[in-house]
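Asker: Pasted the sequence and its predicted model underneath.
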Amino acid sequence: MADRLSARAAIDAVTSDFTESTAPREDTEADGPLGWSGYADSRARATARTGERESVVHGVATLGGRRCVLVSFEFGFLGGSLGQRTGDRLEAAYEEAVTRRLPLVSLIATGGSRMQEGMIALTQLHRVARASARLRAAGPAQLAVLRDPTTGGGWATLGAGADVILALPGAQVGFAGSRVRPPGADPLAYTAEGQLAAGQIDAIVPPEELAAVLGHWLRALAHRDSVPEPAPVPAALSATGLPRTGWDAVVRARSASRPRAGAYLDAYFGLRLPLHGDRCGGTDPGLLCGFGLREGRPVAYVAQCGTATRPAGYRTAARVIRLADRLGVPVLTLVDTPGAANDAEAERAGAGAAIADAFAAIAAARVPVTTLVIGEGGSGGALALAAPDNTHVTADSYFSVIAPELAAAILKRSPDQVHATADQLRLRPQDLVDLGGARSVVRPGPPGAGAGSPRTGSGGSIA
């Protein structure tokens with residue numbers, strides 16, 4: 001999909017199966033609600049140039065074998081701007097998605113609200129936001145594709161308000177259009193690439209891959225009313241035996257050669273679709289989030305990568321868990337962190353509130369959450385992403401209320417007492433099962449073969 005494609009060409013680029021819905025009534029006021037001189041002539045010229053009578057087209061389409069309601073913007077019609085009749089069409093599209101219980105996909109290219117209609121145009125954003133909230137309450141997902149440009153109210157409603165936000169390379173994306181930005185503003189901030197770096201969008205997709213990617217997302221985000229089966233516990237990727245001492249467990253979990261989250265996710269899923277960023281300007285490269293297809297079944301995932309998890313990571317995790325819960329998709333979390341980031345920057349970014357939000361998302365989830373601890377389980381920063389009743393551990397992991405070095409320091413013990421402190425904390429995998437903090441120690445094997453008996457005793461066997 002090249003820049004500035006027409007609405008119809010943008011549709012043709014992603015599907016050959018599109019049925020346009022009957023359009024709501026068109027504007028009959030000569031120069032619009034403000035009596036803006038020449039507005040009727042501008043609309044007539046736009047229609048002659050584009051063949052459209054408004055700036056959006058909508059209908060029902062099939063993408064990747066999945067039905068959806070599809071909205072496409074015509075930038076050639078007054079810059080894809082939103083006026084009252086645009087609002088009529090968008091509201092009708094959302095209502096069709098609610099009635100048919102279908103996801104809504106928006107191919108956006110807009111310069112914002114239509115100034116020739118003044119406040120009437122601006123208040124269409126309320127209508128769109130209300131319609132979007134209604135669809136969200138009904139369950140089906142909302143996906144946005146940001147074409148060039150996506151600015152103003154279109155970005156702040158259909159775009160930024162979507163569950164999954166994709167963008168075309170180089171697209172202009174931002175609330176402020178190119179003619180109304182502050183002098184000297186960083187141009188990168190108003191691009192798809194800049195918005196990705198700031199955690200505002202999920203992925204940049206080349207035009208030739210867009211149709212396939214949308215099809216994958218529609219499969220992963222299919223709404224279900226029934227409570228799903230839990231995600232199977234991943235198999236362990238290392239064949240190590242159980243650690244003899246607490247410190248042995250710590251050393252193994254901290255080993256650079258231990259399998260990490262990426263390897264577990266690759267072994268578990270046939271296809272992964274990443275979600276990126278907290279929508280508040282932050283990202284955490286040490287946390288992998290998204291939806292995956294495992295034997296055709298969607299599972300949402302949140303996976304720590306062995307680093308201290310930052311506030312943006314917890315907020316992203318909460319976003320993914322809540323989306324999965326709304327759609328009826330089970331969740332898999334992989335725990336591996338020395339703990340939550342505790343530097344000054346993390347505190348200023350709201351570490352406590354972000355961790356609380358992650359706890360709340362899991363606590364409120366109606367869908368089952370499955371957790372595997374694959375490395376370090378560092379205090380509350382790890383527990384925030386762990387299922388309270390369905391957590392499993394690998395033989396090369398540990399979970400502790402505090403790192404043994406820090407515990408020894410708090411207790412004013414000498415450094416040579418750290419190993420003994422690790423034993424006292426009972427942080428080994430087999431200890432966690434004995435204490436009821438974990439259901440089992442998983443064994444190696446094919447994906448999903450992991451969990452054995454609910455309790456693995458301290459004798460050293462692996463479930």
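Answerer: Nice, thanks for sending it over.
Asker: Now do the same for the residue nearest to the spatial centre of the chain: its pLDDT.
Answerer: Central residue of the chain (Cα atoms, centre = their mean): L275, 3.6 Å from the mean position. If you check L275, the pLDDT there is 97.
Asker: beta partners for it?
Answerer: Beta-bridge partners recorded for L275 (DSSP bridges): C289.
Asker: Hmm, G292 and it touching each other?
Answerer: No - the criterion here is Cβ atoms under 8 Å, and L275 misses it with G292 at 10.9 Å. In short, each C-beta sits where N, CA and C put it, glycine included.
Asker: V71 against L158, yeah?
Answerer: Yes - with contact defined as Cβ under 8 Å, V71 reaches L158; the gap is 7.4 Å.
Asker: Give me the more crowded residue out of the two.
Answerer: Counted by other Cβ atoms under 10 Å, V71 and L158 do not tie: L158 has more neighbours, with 31 against 26.
Asker: SS state for that one?
Answerer: helix (DSSP: H, G, I helix; E, B strand; the rest coil).
Asker: Quickly note the distance from the closest residue to it other than its chain neighbours to G306.
Answerer: In space, and not counting its chain neighbours, L158 is closest to S106: 4.7 Å by Cβ to Cβ, 6 or more residues apart in numbering. Distance, S106 to G306, using Cβ to Cβ, to the nearest Å: 37 Å.
Asker: Looking at the two, which one has more neighbours?
Answerer: S106 (29 against 17).
Asker: pLDDT weak spots in the protein?
Answerer: Per-residue confidence for the chain (pLDDT under 70) gives these ranges: 1-3, 23-29, 446-463.
Asker: Spit out the contact partners of the residue nearest to L158.
Answerer: S106 is in contact with 70-73, 142-145, 158-159, 162, counting by Cβ atoms under 8 Å, 6 or more residues apart in numbering.
Asker: what bridges to it?
Answerer: V71, A144.
Asker: Going by residue numbers, what spans are helices in the stretch 301-450 of the chain?
Answerer: Here the stretch 301-450 of the chain has its helices, by DSSP state H, counting those that start in this stretch, at 311-327, 344-348, 351-364, 379-383, 404-410, 418-425, 429-435.
Asker: what do you get for the stretch 101-250 of the chain?
Answerer: Remark: helices assigned in the stretch 101-250 of the chain by DSSP H, counting those that start in this stretch are 118-122, 124-138, 152-154, 192-197, 210-220, 246-254.
Asker: okay, now A133: neighbour count?
Answerer: Neighbours around A133, by other Cβ under 10 Å: 12.
Asker: buried stuff in the helix or strand T99 falls within?
Answerer: If you go by DSSP states H and E, T99 is part of helix 84-100. For helix 84-100, the neighbour count (16 or more other Cβ atoms under 10 Å) marks 84-94, 96-98 as buried.
Asker: Then stretch 369-388?
Answerer: Residues of stretch 369-388 classed as buried under the neighbour-count rule (16+ other Cβ under 10 Å) are 369-387.
Asker: and what of stretch 156-173?
Answerer: 156-168, 171-173.
Asker: So what's the residue count around R348?
Answerer: Around R348 there are 9 residues (other Cβ under 10 Å).
Asker: Enumerate every residue touching R310.
Answerer: Contacts for R310 (Cβ under 8 Å, 6+ apart) come out as 282, 284, 286-287, 340-341, 346, 349, 351.
Asker: and of the residues you listed, the nearest to G64?
Answerer: Looking at those and their distance to G64, the nearest is L287, at 27.5 Å (Cβ to Cβ).
Asker: how much space between the closest one and E193?
Answerer: In terms of Cβ to Cβ, L287 sits 21 Å off from E193.
Asker: Same question for G153.
Answerer: When distance is defined by Cβ to Cβ, G153 is 22 Å away from E193.
Asker: D423 now?
Answerer: 50 Å.
Asker: before we move on, back to that, could the contacts of S106 be laid out in CSV, adding distance to I321?
Answerer: CSV is the format used below for the contacts of S106 (distance: Cβ to Cβ, whole Å):
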residue, distance to I321
L70, 28
V71, 27
S72, 31
F73, 31
Q142, 17
L143, 19
A144, 21
V145, 24
L158, 24
G159, 23
A162, 17
